[in-house]
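>>> let me see the structure of the following:
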Amino acid sequence: MDSPLQTKRVDRRRKAKRSPNELSTPPQKDAYARLLGQHHSSKFRSYLEQYVQESPAQVDDNGSASPCTQPHSERVDIPHATKGRGQAVVDFSDSSDFSPSSVKGRCEESALSLYMEKLNGRGGGGGALPTQDADRKQGVGERRGPRRDTATSHDGDVDSAEENGSSYKPSDAKPQQQQRQPKKNKGPNRDSNNQLDAQSSPLQPNAAAQDQEKRKRHQQKNPLEENRGAEVSSPKTPLGKAKHVQKSQGNSPGDKNMKNRGGRGFKKQVFEPYMSHEVVSHGLKRGELLQGPLRINPKNYNDAFIPSSDGMRDIFLDGIVSRNRALNGDVVVVQVLPREQWKVVKSDTDCEVSSESEPQAGKTTQRRKSPQKKRAAPPPGSDVVVEDQYSDGDDLPARVEGLSLGATENGKRARPLEDLSSDGEILQRTAKVVYIVERKHSRAVTGFLKFLPDMPFAKFSPVDHRVPRINVPLADCPPDFSSRPADYANILFICRITSWAEDSSFAEGCLVKSLGQAGEIEPETEGILIEYDVDFSEFPDQVLDCLPKALPWSIPPEELSRRKDLREECIFTIDPATARDLDDALSCKQLPDGNFEVGVHIADVSYFVDEGNALDAIASRRATSVYMVQKVIPMLPRLLCEELCSLNPLTDRLTFSVIWTLSPRGKILSEWFGRSVIRSCVKLSYDHAQSIIDAPDKLFSPGELPPMDPLHPLDEVHQAVLHLHDIAKQLRAQRFEGGALRLDQLKLSFTLDKESMMPQGCYVYQYRDSNKLVEEFMLLANMAVAHQIYRSFPQQAMLRRHPPPQTKMVDELQEFCDQMGLAVDFSSAGALHTSLHRTLGDDEYAGARKEVLTKMCSKPMQMAVYFCTGALKDEMLFKHYALNVPFYTHFTSPIRRYADVVVHRLLASSLGCGPRMGLDGDEVQKQASHCNDRKTASKRVQELSSELFFGVFVKECGPLESEAMVMGVLDESFDVLVLRYGVQKRIYCKSMVGLESFQHHRVGKRGEITLVWASEEPRQPAVRQVISVFSLVEVQLRADEAGLKYSALLKRPLDKEA
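Residues are numbered from 1 along each chain as shown. Predicted structure coming up:
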């Protein structure tokens, strides 16, 4: 609050600068007066007084200080333009917000300018304004041409010397003005003051317009360079110090600081326009721009990343403005910001490897990298593929190619120089999106409607915080929404983003449908499917018309004559007990010479799905079946999935077979591929096969195993399973001796009520020898087929590759393991596998420590991806890192994966038993990319379904208690693996009841949190508990009040435990 004395002092100074003519003129109701009336004179006077105190001295003819005289300001130098002696030149003529008024004092005018800019800048959440062009960062007083008090720069922010942190020196005035002013008069007698006079003259051409035209011409010559120029100068604090990271001025979902700012009748441009396709292509070729899939942190939606093409630390995008309207999963082009804007990070590996799979529940000071999702139970089916263990379900397949864990001559990887600042701090490159190559995100989201009084639209708040809030027209809302908004407070809607303007912090959208009450399984499930663009509609008639009409269907005689007849062989399936789409079968018989004939027989889906018809089109679009806890969304009509293609027992079925002659030690002696017909003799579950393996000498009664074909007695099947098990053990040992890697992780399964389909119980899925048996022979078949189709079609084959892990994350994990005293070797896949299977102690929690370490090692792993061999020049890039094999593909699950259908067609063509495939190399690569996208979405849907059902289980049966092991420590929270259920949760220190204090500290590179629990009894000391990686704690899982979410609460330790 201003004192009366201060107010009078300011008034006297104002009057001292007015001319006699001004005193005789009646006061005008101009913008200046409106400003005083609107914002209270005391506030403005206070600001004016502050400015007067900080303004540099002005000296008159007599050498005395003018009324503005004050000590020189340390924050910013304001240049002065004079016309003659002591006479300030001010021109309001072109300001839309100001009426013509008499000349005011220099100090008052500059203070008003800064005050206007400060008002226009309010609502931005503080911090620096977005960076401007370097040649525009001048002092306020320097702009003596047409006034720009309320004019905005090209991205909508008001220029301010103080906020931009620029300073002015008298020696700089002339060069700066010469650069900005057209050089019409170059006479020797024209000094800097006269140049300023000419610039401020009403008759002089508009300098700002000329300058704008000049920049426009320059941009036409090199648009990319112009865009880069806007980022040369880093944002400044009010004290003029550069920031390492430019914090976003945009409005993230839930961010109330971001508002459209600007002058009256003007909407601030929140986002930069996208670069043109030509500029982007040019920038990518020259390496000035980078491309990759965008990954937004689900715990902190302000943090986003794209993978680095050199395998080093991911590139960081800070805030929604930097993402420039791109959503999670989109393929974007980014421009790396200047080095002074890069982020300073902590090399804290135990934080880097923590989970990020849950929505943000609290802010921590530690930023982390790529998300690690909880594993869902594998879909029904026997093809348990090893690379499924290594993917992050919210990440798109990275475009990283040719990565290696290469070492320097001394065997250690050196840190690149660009990773360190001059102070030795670790830096992470920071970038902004300049172009969206492909909108992979569906733009459909689930969420809730909120009524906004006196607005023509409602606010839609997505459940996924990574998606912005959306404005939905009221006409699109339910008819009674405006009058009864409370009725819809708990209704879940689907909204689709239709547009997102550059000048709006919020997207525009339309409602797709109402799902029903939030917190119920079916509405939540439908929302998940729509959000991830899963087609769960019924198959249309034109698709069903492609199926055989005569039912029951039988194999045509002419087709039988073209195939190898295996119907009298002992062939059987091993699948989950609930599986109905049986797409693989096994056979094994001992030969007279002691070797074995082993066959893998896969449903011949390509016989029923002709290339190019309506059935093929919809299968290629769906690309995969989606397995949820309570149901399956099939890729193909159920008539094919469960009947015509499914290898049901005691039924003739068409198959594609790979048959080997193997030695007892698993050595391949011969190999045959071909189309065949089989008749499965029995459908075994994994439990049945495991019981045979566990009791090899037991004589099973007919009731203990499913009904069998009379041609093949129970004992024959029994012996075949045991032989397959023995050979599979040999194959598995050889694989891991040859350098393969497997990362087993805990998976959650549910028992459901048959009528309500609600969870009755849950358990950690056990991966047993029967699973390993099937896996080994599926892997062997996939590898064999990969070699066959690549030999025949080197430019057209669809294979599957697995890039090595991200080098930077591996380096940091190695550093962490060394700190923990763990002898983990990351030099190769095989070395890592061997390290992980060393004993981590011999106590009862050794297995839990292995699970935690396995999850840490999964963090740097990239996703395996389909690709066309013609799309990659270097054959070394075909390699599958985890399997450590040069060629691999998917052949064994054509009922649920379209990539396998393509491989079947290639295999048939290579063997001369099918037509040549119609797709060329480019089309195969396009289909491979689509299969990658759909596989990623399918995997995420499975995970969300598992999380949904576990949330229901906790709500119905909780609270649940379990032991947990700490797997990551952050500044104010830590992640735990709940051992009983195999789920990961984050525990926030600030939410703990009974906690007196907590403190984060470091032991070397390793983070620890010391918790101090308040005493429960008077005169008893507080209980201290140290939390670090591998710490064992007790947790309680409790349902949240809203929806089907749940939280993990740390139980207070007993004194002896702490």
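
>>> report the contact partners of the closest residue to S997 other than its chain neighbours.
The shortest distance from S997 to any non-neighbouring residue, by CB to CB, 6 or more residues apart in numbering, is to V1012 (4.7 Å). For every residue, glycine as well, the C-beta is placed using N, CA and C. If you count contacts by CB atoms under 8 Å, 6 or more residues apart in numbering, V1012 has them with 995-999, 1022-1025.

>>> would you verify that V1012 is located in a strand?
Yes - judged by DSSP: H, G, I helix; E, B strand; the rest coil, V1012 forms part of a strand.

>>> so what sits opposite it in the bridge?
S997, R1024 (DSSP bridges).

>>> thinking again about what came up before, farthest pair in the contacts of V1012?
The largest separation in the contacts of V1012, counting by CB to CB, is between Q999 and V1023 at 14.5 Å.

>>> more crowded one of those two?
Higher neighbour count among Q999 and V1023: V1023, with 19 against 11, using other CB atoms under 10 Å.

>>> am I right that that one is in contact with K1051?
No - V1023 is not in contact with K1051 according to CB atoms under 8 Å; the separation is 12.0 Å.

>>> hey, where'd the strands end up in the stretch 451-600 of the chain?
Applying DSSP state E, counting those that start in this stretch to the stretch 451-600 of the chain gives strands spanning 457-462, 470-473, 491-499, 507-517, 564-565, 571-575, 584-590, 596-603.

>>> and L822, which of these is closest to it?
Closest to L822 of the strands of the stretch 451-600 of the chain, according to CB to CB: strand 571-575, at 36.7 Å.

>>> from the contact counts, what lies against that closest one?
strand 584-590, strand 683-685, helix 686-694, helix 769-792 (3 or more CB pairs under 8 Å, 6 or more residues apart in numbering; DSSP states H and E).

>>> export those to JSON lines and tack on mean neighbour count and distance to F974?
Formatted as JSON lines, those follow (neighbours: other CB atoms under 10 Å; distance: least, CB to CB, whole Å):
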{"stretch": "strand 584-590", "mean neighbour count": "21", "distance to F974": "43"}
{"stretch": "strand 683-685", "mean neighbour count": "22", "distance to F974": "40"}
{"stretch": "helix 686-694", "mean neighbour count": "19", "distance to F974": "36"}
{"stretch": "helix 769-792", "mean neighbour count": "22", "distance to F974": "33"}
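
>>> export these to JSON lines and tack on distance to R916?
Below are the helices and strands packed on strand 571-575 laid out as JSON lines (distance: least, CB to CB, whole Å):
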{"stretch": "strand 584-590", "distance to R916": "26"}
{"stretch": "strand 683-685", "distance to R916": "36"}
{"stretch": "helix 686-694", "distance to R916": "39"}
{"stretch": "helix 769-792", "distance to R916": "10"}
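
>>> before we move on, the earlier item: can you lay out the strands of the stretch 451-600 of the chain as a markdown table showing distance to L644 and mean pLDDT?
Listed next are the strands of the stretch 451-600 of the chain as a markdown table, based on distance: least, CB to CB, whole Å; pLDDT from 0 to 100:
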| stretch | distance to L644 | mean pLDDT |
| --- | --- | --- |
| strand 457-462 | 41 | 94 |
| strand 470-473 | 44 | 95 |
| strand 491-499 | 34 | 95 |
| strand 507-517 | 34 | 93 |
| strand 564-565 | 19 | 96 |
| strand 571-575 | 16 | 97 |
| strand 584-590 | 15 | 97 |
| strand 596-603 | 9 | 97 |
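
>>> what about those strands, which gets the closest to R439?
Nearest of the strands of the stretch 451-600 of the chain (CB to CB): strand 491-499, 9.7 Å.

>>> check which residues of that closest one are buried.
By neighbour count on 16 or more other CB atoms under 10 Å, the buried set for strand 491-499 is 491-497.
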